[in-house]
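*Asks:* My questions are about this predicted structure, shown below with the sequence.
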Amino acid sequence: MTMIVGLTGGIGSGKTQVSDQLAGKGIVVVDADVVAREVVAPGMPALQAIAEHFGEQMLDAQGQLQRQLLRQLIFADEQAKAWLEALLHPLIRVSIVQQLQQADSPYVLLVSPLLLETDQQGLADTIVVVDAQPDQQVARASQRDNNDASQIAAIMAKQMDRQTRCQQADMLIDNSGDLGFLQQQVDDLHRQLLDRAKHHA
Ligand code: ATP
């Protein structure tokens, strides 16, 4: 089986930057956020189950999930959140595993903001953490999303703390510099991972 590299980091740390660069080198990227959207796409059984459980108002006129509405609902209701997670997490995991198994690059990247908080961690042979200074995370993420800095800071406060996350890294990417500095580290990381993949059974 292809070596699986888990890539994680806090909001705005640079996960997408890193994974885009590795994808550019021909590495297959499985993104847990993308999979989480795929399992609730129109026509998928989970979307039907959500509409039946929470009501048809969860769907817009095109039959797409009203994410914002669902987010608000589960934010205020622990039981609803638990129900939704029990529905979606196993489906997301099955789909992630399928996509990882189909990967045909020297190693495969599993990008997930919740890698270390979920059982997705167990799928990875190696864990790479992207790390930036908290003020850089806030500035970069709020600029990208055109979002309020306080909203980004609130999300960060709910995420795993920086030290705990970094301690779990087999390899650490320091994204506290400019994009050129990041690129150098990604090149280096790629070389090391190709080398490890050679020895991976
Ligand atoms: P999220 O968890 O919110 O999806 P992420 O970890 O995927 O975030 P990115 O989207 O890669 O983070 O980066 C956040 C923003 O910061 C992007 O707009 C990206 O282009 C920018 N960025 C990333 N690294 C740097 C850097 N070293 N210098 C300047 N901008 C950067």
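*Replies:* Everything's here; your move. Remember, it's a predicted structure, so these values are computed and weren't measured experimentally.

*Asks:* Could you pull up phi and psi at the closest residue to residue 9 other than its chain neighbours?
*Replies:* Among residues not flanking residue 9 along the chain, residue 130 sits closest, at 3.5 Å (C-beta to C-beta, 6 or more residues apart in numbering). C-betas here are computed from N, CA, C, even on glycine. Note on residue 130: its backbone torsions stand at phi -100, psi 130 [degrees, to the nearest 10].

*Asks:* Isn't residue 130 up against residue 21?
*Replies:* No - the criterion here is C-beta atoms under 8 Å, and residue 130 misses it with residue 21 at 11.3 Å.

*Asks:* Look at the two and report which has more neighbours.
*Replies:* residue 130 (26 against 19; other C-beta atoms under 10 Å).

*Asks:* wait, what's in contact with the more buried one?
*Replies:* Applying C-beta atoms under 8 Å, 6 or more residues apart in numbering, we find residue 130 in contact with 7-9, 13-15, 18, 173, 175.

*Asks:* Now, those that are in strands?
*Replies:* Counting by DSSP state E, the part of the contacts of residue 130 found in strands is 7-8, 173.

*Asks:* ChimeraX command to pick out the buried ones of the residues you listed?
*Replies:* Paste this into ChimeraX to select the buried members of the ones in strands among the contacts of residue 130, with burial taken from 16 or more other C-beta atoms under 10 Å:
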select :7,8,173
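
*Asks:* so what are the domain limits for this structure?
*Replies:* The chain breaks down by automatic domain parsing into domains covering 1-27+106-196, 34-104.
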